[in-house]
Each structure stands twice: as C-alpha cells, then as structure tokens.
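Colleague: Here is the input, now give the coordinates:
(3 chains)
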Amino acid sequence: MSAKEVIAIMFACILANNYVFQNFFGVEAVALDSEKGIKCMLFNGLTVTAVLIVSTLITWPINAMLASASYLQTLVFAIVTTAVVYVADFVAKKVCKENKCSVLSIAINSVVMGACLVNAANGYGFGTSVLASVGVGLGYLLATFVVAGVRERVNEKFIPKAWRGAPILAAEMAIIALTLFAL
Amino acid sequence: MATKKATQLILLIATVIVFAGILVALNTVTGPKILANQNSAVFEPLFAVMPEAKGFTALDLAAADTVKAAWKETSGKGYVIQLATNKGYTHEDIDITVAIAADGKISAVNLESYPETKDFGKETYPATYIGQDSTLANVQLVAGVTFSSKAFKGAIEDAFALLIDNGLIGAGVKEASQVITEMIPVVNADMCSETGMLQAKEVEVKGAKKAWASDSGKSVAFWLENGGDFLAIVDNTGKVTAYDLDGNDVTFAKNPVVTLAEAAYDEYQSVLNAKDIEEIMSLIPGAVGFRKLAVEAPDTVKSVWAETSGLGYVVRSATNKGFTHEYINLSVAFTADGKISNVVLESYPETRDFGADYPATYIGQDSTLSGVQIIAGVTYSSTAFKGAVNDAFTVLTSNGLVVEAVKEPSQVIDEMIPEKATALINPQGIFQGEEIEVKADGVVKAWRNPAKSVAAYWMNNADGDFLVLANAYGCATVYDLKGNDVTGSQKALSDAALANSTSVLAKATSKEIAKVTKLLPAGSTAVEVACDIYTSVADIVKAETADGVYYGFLCHTYGFGNHEMTYYVAIDPNGKISGLNTSTLIIEAEYYPQASVKKADYVAALTGVTADWTGEEALIANATLTTQSTQTALNEAFAAFELLTGGAN
Amino acid sequence: MMEKDIISKNPVMVLFLGACPALAATTTATASVGMAVSVCLILVLSSVLMSLMRKGVGDAIRLPLAIVISAGFASIAQMVMAAYLPKVYAMLGVYLAIVAVNAMVVTHQQNTASQEGFGASLKQAVITGIEFCALVIVMGIVREILGNGTCFGAKVPFFANHTIAVFGKAGGAFIVFAILLAVAGCFRKEAK
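Modeller: Numbers count the residues shown, from 1 in each chain, chains lettered A, B, ... in the order given. Predicted coordinates for the structure are as follows:
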C-alpha cells in the first residue's frame, strides 16, 4: 500500500468521514468522555484505538470464515469486541494501577462494533481494515477533544432550563458537525 | 468465589450457545426468504416483461456490449435480454429490457431509462417493436429523434443477434424490399442520411419495381427483377453498379440486370427530361423546346439546356454551400448574348431569408455579376446563391456557348482588395475602408482603413489599371488587373502612392509601440521593422535576444458592429505566442454582457499557441464576431511572422 | 463503573444514550419507524430476559451478559426484518446491528433489569421504549419532510419544492435531535 493511500485512508477516517460525526458511532461515549479530564480523554481515546485495532485483527478473519453463516455476524462481533475490551481492562489494570478511567465502558461504545461492521460490509482488505480502524480511533479521540473544548466554553447558567444537559450537548455537536465536518 | 465465577462464566457461555442455536434455527426459516428477496430485486424487471414466466436462468454468452444480461425462461417460453446503449444523442445509457418469445418474435419491450433530450415517444415507440421478428421490418426511426431511435433499434438488433448467433431462435427472413432499402444507403453515399438511413425521393420508372432519385440529383437507384431481385445504382454519367440481395457487386457487361438498369435510366432520364422541360419551358418566353446538353460542368450544375430556336439557355443548379448544407435549387435562364433573363428559386432550406426579390436582382447581369450584392446578415445563403449563378455562367462561357463579359476595372479592383489588403475588410469579408480624396495624376479612387495603416489606390496609366497598396512604413506593392505583382515595372506608381500615403496614413503611436514592446522579453531593445504586408498587422517590432528574435505585432481588426479592435501580440523565435494584450476586448459590446471569459484566462489560453492552431482557444461563447476578430488578428500576426522569418519555423 | 447518576437522574440523557440509532436511521420516516420499533422491542425483550436471569447473575458477568442478550435479540431482529421487510432493512443497514451495543439497552439491563423485579423493569423498559419510539419517529418525520419534502414517501405540497438538504445529513440530524431533546426535557420538567 503506497504512502498516498495510507494518508488518504487516515484522512478519510479521521476527518472527512469521521465516524462520530458522520456515522454517529460512539456519540454517547463522546458525550460521556468529554466531561472527564484531558488525561482520561487521551487514555480513553488511545484505548479505543487499541481495542479497535485488536478487534479488527480478530474479526476480519472471522468474518471471512463466517461467509456462509453471515447471520451470526452481529453476535460474534459483539462477543469478540466485549472480550477484547475485557482483555484491555485487564492489561490496563496491570500496567497503570493508579488509573481511574474505566475501560469497560468501551464495551458499549458503538465505535468499535461500528467500525468492524462497516469494514466487513464494505469488503475492505485486511490492511485497509486495520488502517481504517486506526483512523477511526484517532477520529474518535479528535471528536472527544473537540466536544470537550466546546463544552468547556459553554456556561450552563446561560442555557435555558429545558436545554441543559443533553439538548445543548446535541446542539453543540450539531454545530461541530456542520462546521468541521461539512454536514 | 472461584466456583461462583466459574458458574457465572458457564451461564454466560450457555446464553451465547442458546442464542446461537436460536439464530441457526431461525436461519432455516428466514434464510431462504432473504435469498429470495435478494434475487427478486434482480428478477423484478425480468418478470415485468414476461409475467407468465416461471423463473429464469442466466445465459453466459459472448455478446455485443449493449447486452447487459441475457436470461432464458425456465419453462421454454423464451428469453429476456437486458440492454444498455449509449449510442443515442446524449451518450448516456438508454436501458431496455426486451422479451423475445421462443418463436423469435418480440413479446414485450420495457424502456427502463431514457436520458435523451428529445422524446421519441417513450410510451409509444417501444411498443412498435412488439410482434416484430429479427428483421424489424416494420420498425421506423422517429423523424427528428433519429439518433435516439437508431440507438434503440441497434440495441434490439444486438439482442436478436445474440439469440440467433447462438442458435437459440430462428432468424426472421427479410423481405426483398427491406433488403433493398437497407442496402441503398450502404452502397450509395449520395442517398445516405446522417443516421445511415435511405434518404431519396421515390419515383415511378417503367421497368423498375421501385426507383429512387437522390436529393442532389446525382444518382438514381432501381429495384429490378430478373429471376431474382437486384439493386442497381446509376450515377449521373450513366454508369451502372448492380448488386444482388446478398450485397455482392454483380456488375459485369453481359449481365442482363445492367442492361435493364440502363434502359430504366434512359426511361427515367426521358421522364425527367420531360419533367425538366415542362418546368423550364416558362423560363424563356416564346421557347419552342429544349435540348439537354452533355457538357463539363461544376458540381452545382444539375443540367444545362439549350432552347432549340436559339433564344438562349437554361441552367438548373443545386448548391449545398449555404448555411444549412441542404440543397438550394434554382434555375437560371440566359439570353444568347450571355445575360441573365430569368431566375427562379425552386427550393430554399436556409434558416434566414435573403428576400423574395433577391433572385430578381440577378436579371440583366452578365457574367461579371457586377451589380449583384451579398445580403448582409444572410451572407452564407446569398454567397452560395451567387456562387451557383456564377457556376452557371462558367459552364456556358467555358463551353463557348456565350461570350464571357469583361469585368470593369472598378469591379476587378473591388474584388481584388479583400484578397490583397485584408486591413480593409472585416473578418466576415465586408469592406470597411473609407474613401479618401486624392488629387494626383492617375489616381482614380483611393481608400484607407479607419486605423490609417493601409491605403489602397486605383491607379491608371498608359499600361492600364492597377491596384496599388501602401502601408504606413513606406512599403508599396502594385498589382495588375490579373492580380500579378508588378511593383518592379511600375515604380512610378509605387512612388506616387508612397508620396501620398505619408499624408494620409499614420504610423503607430509611441503608446502603441510601448504596449507591444512591453510584451517582448525584458531588457531587449525593440526596433521597428517595415514589411510589405497590408493586413490587420499595422506595425511590427523585433527584439534580438540570446534565444533568438522575438517579434511584436500591433494588429487593428474589426469586432462587433465593426468596432475597431486592437491586439498587441508577441511571438517568440519558435513561432509561439509569448505575449498578448487584448485591452480592447473589455469594451466590446458583444463580449461585455456575456463576460463569460476572464481576460486573464483568455490571454493564458492563447499564450503558447502556434500558427497551426485550430482557433478554438480564441472562442468566446455567444460572441462570434469578437471571437473571429481575435482569430483574424492572431492568424495575420502568424502570417507576418512567417513572412519575416522566411518560413524558417 | 457506570455514571449511574447521569443516567438515572437525567432521563433525557437516557435518550441520548440511544442517540446512535436515533441520529443515523431517521433520514426517512419509514426507516425511523422500523428502527424505533426494533429498538423498543429489543429493549423490552432484553430487559425481560435479564430480569428473569437476575438472580443468577453476578457483578462480573452482568455487562457481558447484557451485551450478549442485546446482540442476540438484535440478530433476531435483523434476520426477521431482512426476510419480511427487506426494503426497511436496506434503509437501516448496519445500525440495526449496532443496537447490540446500544448504551441505552445495555445500561437499562444493567441498572434496572438486573436489580429490580420483573414487573418494575418491564414497566420501565416499556416507558423508556415508548419515549424513544416517539422521539425517533418524530425525528424521522421531521427530517424527511424538511430534508426531502416527502412523508413516508408521499410528497408534501409545500416542502417538496423547498427542501433543506442539511436535514438529510449529519449536521441536520444533530439539530433536530437537540431540539427534540429540549422539547422532551420541557415536558419532563413540567410533569415533575
């Protein structure tokens, strides 16, 4: 794969086709993550990327094997991604003992499942899939930071009661989606 | 604790297995349904054309590229072919699904998509194919929408070809009449329309089953029977080419078909002649009869007739050199002494009318056609008409039938100026010069161009009449009435012209020279060059550089409304445009409202262009006259460059 | 492990947790009805199953089990829809599979179903499900009318000629979602 193609895929996954803002994967997780400190966000973002890569490494061959029984795809992918998350949690606990950020919440982060399914649906080759999942993870990280940045600026006091919490968050994401990722 | 964890794990795994089991079981029910759903999307259009089908299997056969997919109906009802042809007008795919029954006839046709700009009858036209077999004998092309209908027909033909070539259905047998009418445009280009169909008038000729005469009058086609069916094409010299139904050329001397064709042709000619004579009888009052003449003639002349009692001649012509390239038919009657006595316009396919009384302006003219004008705004049509009348005169004068009139010097001079001094005409060929008063011996008339760079003198001395051209840089050329350059032998005339030109012409201003020089490489010194040219190029400067000699040209030509347009052009030593200033473009009334081209882009597109350009780079949409003035200026700059460099590049 | 406060205190946030399908599958009203009903059913069925199993489920496997159950029901939903409603299935695409890890479904199972009784968790599931349905269907209708000028495929007179493309796309989805959440929040506050 040429450097140009690599850059193109990364660019696509991180920016042009950001999975959070274009495909809506991981929206909730971004919402939750963006409230935590920079350390946590960075940690989560990178862990998500790691989980993504490992999941893709496993699910891609499995998907190839499952060709005739494609109806098992959802169940198998869900199990695999959850297992990978647990392994990641285990590793994290061993490596950074003082870490307070939970890894298990990645299990319900639809970015992981979403990326694996989209890779399978589009029939990407092995290399492209792995590269794409790196891009997706970094895109997720970017999304978290951007949303966090916006949230910081918004002072809840000035927001009408009905809009506080989730609604204004959705509105913030709307503006981010419109401006940064061109609809 | 450990056992609890273990039981937990077992519970988890059990749940997974149970769900997996449910899914597998569910799959037996939903699996086939899902498969059927997927397939139905593919099969939908097939069932749409053949509703009574039981099912389809795909045929994997080599086929023309318009065939997208071919299917065989499983119970033997026939075949369904899916086609996509882009040979229509827009070159986008026209999608067609056609059902051909086992007996080789079309049972249904669906037009799936139609991107064409003109509607050939989306609901009605495909239906005309139903019941047709592979001959498509009764299928027409739709008038005015020929490309689209031809593409459609071609696709259906491909579908048939696929099935027939693979022995799946029997080919329909074409009737002889269909074979003949399809063969004619193939073997006779004179009767072939733009879309490859037969384009000719049907005529009745004794001895032929059917006969056609081409619109140009140059050929006739006969369907003859001689134990079989044959096609014979006869051109207007009487030469016969005969074909059998398989398209083989069967023209050999003893072939009875050839004899039959010749007889039919004579018959046709006499009928035609009779018809012609009937039509032209009224052209010469008091005519007794006409005799057709067999003479060498230019190709616009259809026939030449001599009135039998010596009253004169009639020439019948057809010219397609007008605007629409369709035939303008006319007949001209001449008196024995070479003057036009009558002009009849028989057909006029042009888009603009040159006026009902225009043909009448030719009456009384002799072969010089000196009193005849070209109608402004209908130049192509009137030029074609004049050309046809001129050809009619040529056929009479060159065969010694009438005396050629001698053109007055004034006419010769008027006709020579546009050729020799393009500075005085606009790009459309219309004279733009203004007459100037010259009080000098031997000068009959004089003109100069509005830019005052070129003057033309009609001079007269003991040797005759001459056209003398002079430009602002002291160059003069003398032409005799035959158009020959006789400057060497008529020095007195050229001196006189130059002497006068200094007072009526003006050299380029220093501002203009500066603008040209600006286009030349920086740091080079520019010197003015004198050259004996009388075109829009009014001034030339050259600059010697390390790379070679660069030339700069100041050009004055005419744009919209004959508004004077100035161009500054620089050409590098390799003959490429290296600099261009089109400052007057912006005030051109034709260009400004469109403003579709940015000056910078326009200049950029023209930079680097060489003399063998097509002129396309100068195109400005909806501003034809402005475009033509740019093309003229640049072409004349290139010509001047050629002259100066001696054609070295 | 999970920020229980945010979830149970702010019901609108609960809806946000199901945001992914809401935003993704609501470009047309038909798709949104398909998604809403599917998610609702998956939510209810998963909650029922989890609450039936709650006695045997310890802390450690609660999350994985919840995911397995949602994934299982999501798969069933996918298969049934692909077989009997292929057109709607085509509109939902990969998002129906994502319901397997849908935060709303999973956290509901974890927090409510595994702790409260069968009846209570069923009631909660149904209520949340219906709220979600309403949100998603309204979103679908609004996005289709404004973005495409049609409603369930039928052309709407004024809007058909004046479509605002952004509503069919990502940004528009967020906008409509934000507005609807605010409206939901309004009602909720009033009810309280």
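Colleague: what is the rounded mean pLDDT of the top helix by length along chain C?
Modeller: When chain C is scanned for its longest helix (criterion: DSSP state H), the result is helix C:118-148. Throughout helix C:118-148, pLDDT has a mean value of 86.
Colleague: which secondary structure elements does that helix contact?
Modeller: Judged by 3 or more Cβ pairs under 8 Å, 6 or more residues apart in numbering or on different chains; DSSP states H and E, helix C:118-148 is in contact with helix C:11-17, helix C:19-24, helix C:29-53, helix C:103-108, strand C:150-151, helix C:170-191. In short, each C-beta sits where N, CA and C put it, glycine included.
Colleague: what's the distance between the second one and the middle of its chain?
Modeller: Helix C:19-24 sits 7 Å away from the centroid of its parent chain (Cα atoms, centre = their mean, to the nearest Å).
Colleague: Restrict it to CA atoms and write it as CSV.
Modeller: Extracted C-alpha coordinates of helix C:19-24, given in CSV (Å, rounded to 0.1, in the frame of the first residue of the first chain):
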residue,chain,number,x,y,z
ALA,C,19,-28.6,8.5,20.2
CYS,C,20,-26.7,6.5,17.6
PRO,C,21,-29.7,4.8,16.0
ALA,C,22,-31.8,7.9,16.5
LEU,C,23,-29.5,10.1,14.5
ALA,C,24,-28.5,7.5,11.9
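Colleague: The stretch 251-400 of chain B: strands as residue ranges?
Modeller: B:290-293, B:301-307, B:312-319, B:328-335, B:340-347 (DSSP state E, counting those that start in this stretch).
Colleague: quick one: strands adjacent to the fourth one?
Modeller: Based on DSSP bridges, the pairing partners of strand B:328-335 within the sheet are strand B:312-319 (antiparallel), strand B:340-347 (antiparallel).
Colleague: So which residues make contact with that strand?
Modeller: B:279-280, B:283-284, B:302, B:311-320, B:322, B:340-350, B:359, B:362, B:381, B:384-385, B:388-389, B:392-393, B:396, B:402 (Cβ atoms under 8 Å, 6 or more residues apart in numbering or on different chains).
Colleague: Skipping its backbone neighbours, what lies nearest residue 49 in space?
Modeller: The chain I'm using is chain A. Leaving aside its sequence neighbours, residue A:49 sits nearest to residue A:137 (Cβ to Cβ, 6 or more residues apart in numbering or on different chains; 2.7 Å).
Colleague: my bad, the chain I had in mind was chain C
Modeller: Here the residue nearest residue C:49, using Cβ to Cβ, 6+ apart, is residue C:69, at 5.4 Å.
Colleague: So the one you found: helix, strand or coil?
Modeller: helix (DSSP: H, G, I helix; E, B strand; the rest coil).
Colleague: can you pull the contacts of the most far-flung residue of chain C relative to its centre?
Modeller: Going by Cα atoms, centre = their mean, the residue of chain C most distant from its centre is residue C:161, 30.8 Å out. Residues in contact with residue C:161 (Cβ under 8 Å, 6+ apart) are residue C:149.
Colleague: tell me, how many neighbours does residue B:274 end up with?
Modeller: By other Cβ atoms under 10 Å in any protein chain shown, 10 other residues sit near residue B:274.
Colleague: quick revisit: check the contact between the residue nearest to residue C:49 and residue C:110; I expect there is one.
Modeller: No: under the criterion of Cβ atoms under 8 Å, residue C:69 makes no contact with residue C:110, lying 10.8 Å away.
Colleague: between the two, which one's more packed in?
Modeller: Using other Cβ under 10 Å as the criterion, residue C:69 and residue C:110 rank with residue C:69 on top: 27 against 23.
Colleague: roughly how far apart are that one and residue A:104?
Modeller: The gap separating residue C:69 from residue A:104 is 17 Å, by Cβ to Cβ, to the nearest Å.
Colleague: do residue C:150 as well
Modeller: Distance from residue C:150 to residue A:104, counting by Cβ to Cβ: 43 Å.
Colleague: repeat for residue A:172
Modeller: Taking Cβ to Cβ, one finds residue A:172 at 26 Å from residue A:104.
Colleague: do residue B:576 as well
Modeller: Computed as Cβ to Cβ, the residue B:576 to residue A:104 distance reads 72 Å.
Colleague: Next: residue B:61.
Modeller: From residue B:61 across to residue A:104, the span is 59 Å (Cβ to Cβ).
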